[in-house]
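# compute the structure for the input listed below.
(chains A and B)
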Amino acid sequence: MTTTVGSPAGAARRPGTTATAYPRYLAGRLGGAAVSLLAVLVTSFFLFRVLPGDPVKAMTRGVPTSAGQMATLRRQFGLDLPLWQQFTDYCAKALTGDLGTSYQFRAPVGELIADKLPATLLLTGVAVVLYSAVGLWLGTRSAWRHGGLGDKLNTGVALTLWSVPSFWLGLLLIIVFSVGVGPVPGLFPTGGMESGDETGPAYVLDVAHHMVLPVLTLVAVGYAQTLLVMRASLLDEMGGDYLTTARAKGLRDDLVRRRHAVPNALLPTVTMIFINLGHVAAGSILVETVFSWPGLGGLFYQALSVPDLPLVQGLFVVFAGAMIVMNLLADLLYPLLDPRVGR
Amino acid sequence: MSLLTIRDLRVTYGTGTAAVRGVDLTVAAGRKLGVAGESGCGKSTLALALLRLLPPTARLTGEILLDGEDVLTMKWGRLRAVRWAGASIVFQGAMHSLNAVHRIGDQIAEPLLVHRRATPNAARERVGTLLEQVGLPAARASAYPHELSGGQRQRVMIAMALACEPRLIVADEPTTALDVMIQAQVLRLLERLVTEQDISLVMISHDLAVLADTCDRLAVMYAGRVVEEGPARDVYDAARHPYGRALSAAFPRIGDPASRLAPRGLPGDPPDPAALPPGCTFHPRCPVALPTCASQDPPLAPAAPGHRAACVLTTGSPA
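Numbers count the residues shown, from 1 in each chain, chains lettered A, B, ... in the order given. Take a look at the predicted model:
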């Protein structure tokens, strides 16, 4: 940021000079993201080589296999090559978008991931958007009337839910709302993503019906973070002189809040929302497991237990890549939220 | 009739601390009143009280009649309508008084849209006119506050205060954060615009010289009360209250080398509003205090034609 504070009246920067600043900011952020992605590629290769267990032995467990067949398998997967050569092969392929072939599924890793990704994106995406919205709304209300009964109730409930384990809450919801307790009938399916016999609009409704409980679980456990960050940053802004100006102008209280206070308080919260969105690909393994959601969480669990190195590496790259992309998006969004950033 | 009449205004904060302790002031239409005093004397509380902008913990009693209507008993809707349209405020330190994430044009236009239901086009046009009035090109409307210098931001504040053509502008330390050259520039601008548009001005500052230069009448505040009030030149040149004299002596006078070489300060600190001394609150620091001052608190009384002071030494002598 080139500062003009304190410069004499006539010498303040003209609007034209800001035009070159944004592309430079953009280039910096894009460069940073590219470097991070490369680092992820390298890390993912070495990180999982450290895992204990021999993939070929794991694959042939329970199947009588001769030493010759084991050697053939090793050669097939390139595991007989020196580590550095495995690494260069992996990098060369990864840069062309080829993440290798899964040991256990004998299918391209890219296809396996693409197959499960939409379910996870749908579930956690909807959950993150919902709990961010709920957190922003309740956090704003809490801060604006801080110290009041509503604030104490809000933060108390949010903190309690935050400390609840997600799988436990999920199981509880299944018992109450799927199995049914006493007068409560079984309202929602116990798991899965679809009943399997619906098409068109009915299919959409069916999926939504299956999503209710897992989304509810994720929102309940997740919204406290957004609420607390929004509450804290809005409280920081509430002493601001510009709010006195806004009140002096004769604005209604809700306009002072919406138009003046909230936009200034949004920046830290938006950072956090994008970090949460970065977690969307990784999903929630626990909640996906409890609700038998056909997403990446289950796939990751299967891959780790072998260890199916190419699949684990591929998933790691996708998870980390999603985080990097979301952070990049957040960086690109900041200048729109706060004109002082990136100039 | 006077435009602004303040009667026995008292402001008490939740803890029982009184920031303003019975202030009576009037401002005639089109006239300028300066309010001077050290930090903590209650002058900024007074400014915020005029539009009921103090935090909810503050309790206000007395009367603030703006055009005959008591601000303190107004309903919220009426109060919002009076804010900015009836009386607007030029705040100190325009860096923090402007919203950093909105363009200055939108911030100037905001009261127009709220109070006059102006169309966006009409508002934009008026914003251009206002910016030109304060010496900024209309194109600067699209700038953000951080892209402007301190003086420019203060001029934006002035343009904003003029937006709805109020009858009264309250300027709370409008030039304190600026360097001296820009101070003079902004002061002249504010003075010219309120005179041209026949707006009353209440200007609050610690700088008696600046106030004497700009205003018709001056009020000197000490520990939440007005201790001296009179024609600006009189108060500045011939203060009756010992505190007024000390305040005016604290600033060197242009064209008077003697005062420049020997500026006199005042020993001691302003009293803690939570633990005011008994009697006249000024007596512990007063160079001419009498033994009786520790027990008697004289009211504001005529000390000369059109000039009031709250001191036993002046009220005792014939006006």
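# now do the contacts for the residue of the stretch 1-150 of chain B found nearest chain A.
Taking CB to the nearest CB, chain A has its nearest neighbour within the stretch 1-150 of chain B at residue B:83, 3.6 Å off. All C-beta spots, glycine's among them, are computed from the backbone N, C-alpha and C. Remark: with contacts taken as CB atoms under 8 Å, 6 or more residues apart in numbering or on different chains, residue B:83 is in contact with A:247, A:248, A:249, A:250, B:51.
# what secondary structure does the residue in the stretch 201-343 of chain A positioned nearest to chain B sit in?
Residue of the stretch 201-343 of chain A nearest chain B, by CB to the nearest CB: residue A:250 (3.6 Å). Secondary structure state of residue A:250, per DSSP: H, G, I helix; E, B strand; the rest coil, is coil.
# is the residue nearest to it when sequence neighbours are not counted in a bridge, and if so with what?
Sequence neighbours aside, residue B:83 is the residue nearest to residue A:250 in space, at 3.6 Å (criterion: CB to CB, 6 or more residues apart in numbering or on different chains). Beta bridges link residue B:83 to residue B:87, judged by DSSP bridges.
# circling back: as CSV, the contacts of residue B:83 with distance to residue A:224, neighbour count and pLDDT would be great.
Below are the contacts of residue B:83 laid out as CSV (distance: CB to CB, whole Å; neighbours: other CB atoms under 10 Å in any protein chain shown; pLDDT from 0 to 100):
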residue, distance to residue A:224, neighbour count, pLDDT
A:247, 30, 21, 94
A:248, 35, 24, 94
A:249, 35, 27, 95
A:250, 36, 23, 93
B:51, 38, 26, 94
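# you'd agree residue B:11 is in a strand?
Yes. Using three-state DSSP, the assignment for residue B:11 is a strand.
# so it makes contact with residue B:44?
No. Using CB atoms under 8 Å, residue B:11 is not in contact with residue B:44, being 10.8 Å away.
# neighbour count: those two, which is higher?
residue B:11 (22 against 18; other CB atoms under 10 Å in any protein chain shown).
# mind pulling up the pLDDT for the residue of the stretch 201-319 of chain B found nearest chain A?
Nearest residue of the stretch 201-319 of chain B to chain A, counting by CB to the nearest CB: residue B:202, 13.7 Å away. Here, the pLDDT recorded for residue B:202 equals 96.
# who in the stretch 51-200 of chain B is up against chain A?
Selection of the stretch 51-200 of chain B residues close to chain A by CB under 8 Å from any CB of the partner chain yields B:51, B:53, B:79-85, B:88-89, B:91, B:93, B:95-102, B:110-111, B:114-115, B:139, B:142-144, B:146-152, B:182, B:185.
# now do the phi/psi pair for residue A:310.
phi -60, psi -40 (degrees, to the nearest 10).
# neighbours of it, how many?
There are 26 residues near residue A:310, going by other CB under 10 Å.
# so what's the residue count around the residue lying closest to it once chain neighbours are set aside?
Computed as CB to CB, 6+ apart, the closest residue to residue A:310 that is not its neighbour in sequence is residue A:100, at 3.4 Å. Neighbourhood size, residue A:100 [other CB under 10 Å]: 20.
# low-confidence ranges in the stretch 51-200 of chain A?
Where the stretch 51-200 of chain A drops to pLDDT under 70, the residues are A:53.
# show me the shaky parts of chain B.
Applying pLDDT under 70 to chain B picks out residues B:1, B:93-94, B:252-265, B:315-319.
# cutoff 80 now
Along chain B, segments meeting pLDDT under 80 span B:1, B:92-95, B:177, B:250-268, B:315-319.
# isn't the residue of the stretch 201-343 of chain A closest to chain B right next to residue B:86, touching?
No. Residue A:250 is beyond contact range of residue B:86, at 9.1 Å (criterion: CB under 8 Å).
# what about the residue nearest to the spatial centre of chain B, distance to residue B:141?
Centrality entry for chain B: nearest residue to the mean C-alpha point is residue B:204, 2.4 Å, by CA atoms, centre = their mean. Distance, residue B:204 to residue B:141, by CB to CB, to the nearest Å: 28 Å.
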